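In: coordinates only, sequence not included:
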């Protein structure tokens, strides 16, 4: 997949920060709105069905709302879309982010990558 795009599903603040890095595809979901689960699921389905999107970022606390869709994407024999769970900003200080993504990468591809 050449020139795969990144998409993010998140709150207004999360998407704004990631958009500053050049991400153009996003879905803003307000946590206090009704139907949050359906909006998360709909956005995830739309992004995962778009062949131009290679990475979808989603807050880890929202994964439970669409766990079946995420598992389905990860089970595909041909990896076309990678789901990256982003920790909330207030947990980033508590959690060792480097170890989190190192472990996540190992789970995804089967080995560690050191940068």
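Out: Yes, it's here. As the structure is a computational prediction, the values presented were derived from the model and not from experiment.
In: Have a look at this structure and report the helix or strand with the lowest mean pLDDT.
Out: One helix or strand of the chain scores below all others by mean pLDDT, DSSP states H and E: helix 89-92, with a mean of 50.
In: show me what contacts the residue nearest the centre of the chain?
Out: Centroid-nearest residue in the chain: residue 57, 2.0 Å away (criterion: C-alpha atoms, centre = their mean). Contacts for residue 57 were tallied using C-beta atoms under 8 Å, 6 or more residues apart in numbering; they are 6, 7, 8, 9, 10, 18, 23, 84, 85, 86. Glycine gets a C-beta too; all of them are placed from N, C-alpha and C.
In: How much space separates the last one from residue 57?
Out: When you say that, I think you mean residue 86. According to C-beta to C-beta, to the nearest Å, residue 86 stands 5 Å off from residue 57.
In: okay, the contacts of residue 57 in JSON lines with distance to residue 53, pLDDT and neighbour count next?
Out: Formatted as JSON lines, these follow (distance: C-beta to C-beta, whole Å; pLDDT from 0 to 100; neighbours: other C-beta atoms under 10 Å):
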{"residue": "6", "distance to residue 53": "7", "pLDDT": "91", "neighbour count": "19"}
{"residue": "7", "distance to residue 53": "5", "pLDDT": "94", "neighbour count": "25"}
{"residue": "8", "distance to residue 53": "10", "pLDDT": "94", "neighbour count": "26"}
{"residue": "9", "distance to residue 53": "11", "pLDDT": "94", "neighbour count": "27"}
{"residue": "10", "distance to residue 53": "15", "pLDDT": "91", "neighbour count": "23"}
{"residue": "18", "distance to residue 53": "14", "pLDDT": "86", "neighbour count": "17"}
{"residue": "23", "distance to residue 53": "10", "pLDDT": "90", "neighbour count": "16"}
{"residue": "84", "distance to residue 53": "12", "pLDDT": "81", "neighbour count": "15"}
{"residue": "85", "distance to residue 53": "16", "pLDDT": "79", "neighbour count": "16"}
{"residue": "86", "distance to residue 53": "16", "pLDDT": "80", "neighbour count": "21"}
